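[1] no sequence on this one, just coordinates:
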């Protein structure tokens, strides 16, 4: 599967010494089908994808219950 983005973006963030955000700016970058793809970069991505897909497809556990995460920001959850 190849992911196609039409509006990827960027964001620049400046933090203070305590890690609080001082300022930020960014925006979308419009990419069309006419945007030329860098063949060298795509070859590297295709090469890096193989071990990542193997790693990400590994089953590390199963569950018999629904893992509802709607309350995780408010209380302990599964």
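    Here it is on my side, so go on. Only a predicted model underlies this, so the values are computations on that prediction, with no experimental measurement involved. Numbering: from 1, shown residues only.
[2] count of neighbours near residue 31?
    Look at residue 31: counted by other CB atoms under 10 Å, it has 13 neighbours. C-beta here means a position set from N, CA and C on the backbone, and glycine is covered the same way.
[3] give me the pLDDT value at it.
    pLDDT, residue 31: 75.
[4] now residue 11: closest residue in space that isn't a chain neighbour?
    Distances taken as CB to CB, 6 or more residues apart in numbering put residue 26 closest to residue 11, at 3.3 Å, once the chain neighbours are dropped.
[5] how about the one you found, what does it touch?
    Contact analysis of residue 26 by CB atoms under 8 Å, 6 or more residues apart in numbering lists 9-12.
[6] any chance you could map the helices in this structure?
    39-56 (DSSP state H).
[7] how about low-confidence regions in this protein?
    Across the chain, the ranges flagged by pLDDT under 70 are 1-5, 33.
[8] would you map the strands across it?
    Taking DSSP state E, the strands of the chain run over residues 9-15, 21-28.
[9] right, so of these, which gets closest to residue 39?
    With respect to residue 39, and counting by CB to CB, the nearest of these is strand 9-15 at 23.0 Å.
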